[in-house]
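Student: the following block contains a protein sequence and its predicted model.
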Amino acid sequence: MSASTEFPLFVSAGDILTDLVRTGDSQWLSRPGGAGWNVARAVARLGLPTACAGSLGTDNFSDELWNASLAAGLDMRFMQRVERPPLLAIVHQTHPPAYFFMGENGADLAFDPSRLPQGWMNQVKWAHFGCISLVRQPLGDTLATLAAQLRERGVKISFDPNYRNLMAHGYEPTLRKMAALADLIKVSDEDLGLLFKTSEAEALAELRAMNPKATILVTRGSEKATLIEGDTIVEAQPPRVEVADTVGAGDASIGGLLFSLMTAPQRTWQEHLAFALAAGAAACRHAGAHSPSLDEVVALLEG
Ligand SMILES: Nc1ncnc2c1ncn2[C@@H]1O[C@H](COP(=O)(O)OP(=O)(O)O)[C@@H](O)[C@H]1O
Ligand SMILES: [Mg+2]
């Protein structure tokens, strides 16, 4: 088989955008981002053949995302381009965060799975879904349908809702559908509170009821995280690190867990969790959504 016909083992679908972050009264910093894109970069950096499946525009921001994806080693056959406006997250305040999205009729909405390379579904082991792409129609339905198709073919599904203000109303059917499809669900303590508007314990019980068979990772920033797999519940403290910022920490942690599951299935759940938390902590040591290398993660695990 030639290199060009080999397909990724991991595909993160959707959620690729540009963050425009205010840095002064009328000063702005643009930064390639999107939770799904961060998860793809995390797994690629750790060392597995990976793609981020989505659609970009033909503008400057989309060029930057394209180039950064290329630099991250993502399989570019999964990145489509159309002449439509880019999706932007305008983060006009960071403490506390305040944001809105721009992307009416955006390029992301045009993602077309039928244009992906023939045969990719035969090779992929895990696919990841989440965040605002699932609530941007018709993309949301496209992705939910793709997730269902993949699952039917035996591909494992990972889901991180990643609460955003677009989910304040009407998100429950999407949450229910994606949770039911998922083999692995990642939530932060904040996600649980905002999605279910109740105590963490009650929210977790509601989430588990949506799919008792799913493995659930609950992260709590620098505090203890929990991994639930059937009757097994394991907990661990993330490694202590000097934090530059926590952007993309959750994405690195789920990326780390997926990498651990795919490359070291013999590990115990406690070991998988430790790897995920080390990956999350490693991401915090550098500003922006840093994707840690395997060496960085292993160093923290051994430290
Ligand atoms: N201050 C921190 N110190 C060390 N690790 C952290 C810190 N914040 C986040 N992490 C790591 O990233 C993981 C996910 O962070 P969390 O904030 O819970 O998720 P999210 O980014 O989705 O909100 C944590 O479980 C931990 O491994
Ligand atoms: Mg998160």
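Tutor: Nice, I can see it. Numbers count the residues shown, from 1 in each chain. Ligands and ions are numbered 1, 2, ... in the order given.
Student: what about the strands in the stretch 51-200 of the chain?
Tutor: In the stretch 51-200 of the chain, the strands defined using DSSP state E, counting those that start in this stretch lie at 79-81, 88-94, 97-102, 126-130, 156-160, 184-188.
Student: can you put these in TSV and add distance to Glu302 and mean neighbour count?
Tutor: All C-beta atoms are positioned from the backbone trio N, CA, C, and that covers glycine. TSV is the format used below for the strands of the stretch 51-200 of the chain (distance: least, C-beta to C-beta, whole Å; neighbours: other C-beta atoms under 10 Å):
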stretch	distance to Glu302	mean neighbour count
strand 79-81	36	18
strand 88-94	33	15
strand 97-102	34	14
strand 126-130	26	27
strand 156-160	26	24
strand 184-188	24	25
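Student: so can I have a markdown table of the ones you listed showing distance to Ser12 and mean pLDDT?
Tutor: Shown next, in a markdown table, are the strands of the stretch 51-200 of the chain (distance: least, C-beta to C-beta, whole Å; pLDDT from 0 to 100):
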| stretch | distance to Ser12 | mean pLDDT |
| --- | --- | --- |
| strand 79-81 | 11 | 98 |
| strand 88-94 | 17 | 95 |
| strand 97-102 | 19 | 96 |
| strand 126-130 | 4 | 98 |
| strand 156-160 | 8 | 98 |
| strand 184-188 | 12 | 98 |
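Student: which among the ones you listed is found nearest to ligand 2?
Tutor: strand 184-188 (4.7 Å; C-beta to the ion).
Student: quick one, what contacts Val11?
Tutor: Taking C-beta atoms under 8 Å, 6 or more residues apart in numbering, we find Val11 in contact with Ala40, Thr50, Ala51, Cys52, Ala53, Phe78, Trp120, Val124, Trp126, Ala127, His128.
Student: out of those residues, flag the one nearest to Gln266.
Tutor: Nearest to Gln266 out of those is Trp126 (C-beta to C-beta; 16.9 Å).
Student: which residues are in contact with the residue in the stretch 101-250 of the chain that ligand 2 sits nearest to?
Tutor: Closest contact between the stretch 101-250 of the chain and ligand 2, by C-beta to the ion, is at Gly250 (3.0 Å). Going by C-beta under 8 Å, 6+ apart, Gly250 touches Ala35, Asp160, Asn162, Lys186, Ser188, Thr219, Gly280.
Student: for ligand 1, see how far away the fourth one is.
Tutor: With distances defined as C-beta to the nearest ligand atom, to the nearest Å, the gap from Lys186 to ligand 1 amounts to 7 Å.
Student: and for His169?
Tutor: According to C-beta to the nearest ligand atom, His169 and ligand 1 sit 21 Å apart.
Student: pLDDT score assigned to that residue?
Tutor: His169 carries a pLDDT score of 95 in this model.
Student: ok, now the one 5 residues further on?
Tutor: The score at Thr174 is 97. That number is its pLDDT.
Student: which residues touch the nearest residue to it once chain neighbours are set aside?
Tutor: The shortest distance from Thr174 to any residue other than its chain neighbours is 5.3 Å, reached at Leu134 (C-beta to C-beta, 6 or more residues apart in numbering). Applying C-beta under 8 Å, 6+ apart, one finds that Leu134 lies in contact with Gly14, Gly140, Leu143, Ala144, Pro161, Thr174, Met178.
Student: kindly report the same for Ala42.
Tutor: Shown in contact with Ala42 (C-beta under 8 Å, 6+ apart): Gly248, Asp251, Ala252, Ile254, Gly255, Gly256, Phe259, Ala279, Ala283, Ser291, Pro292.
Student: in what helix or strand does it lie?
Tutor: helix 35-46 (DSSP states H and E).
Student: avg pLDDT for that helix?
Tutor: 98.
Student: picking that back up, how about a markdown table for the strands of the stretch 51-200 of the chain, with distance to Glu200 added?
Tutor: A markdown table is the format used below for those (distance: least, C-beta to C-beta, whole Å):
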| stretch | distance to Glu200 |
| --- | --- |
| strand 79-81 | 37 |
| strand 88-94 | 25 |
| strand 97-102 | 20 |
| strand 126-130 | 20 |
| strand 156-160 | 17 |
| strand 184-188 | 10 |
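Student: out of these, flag the one nearest Asp112.
Tutor: Judging those by C-beta to C-beta, what sits closest to Asp112 is strand 79-81, at 6.6 Å.
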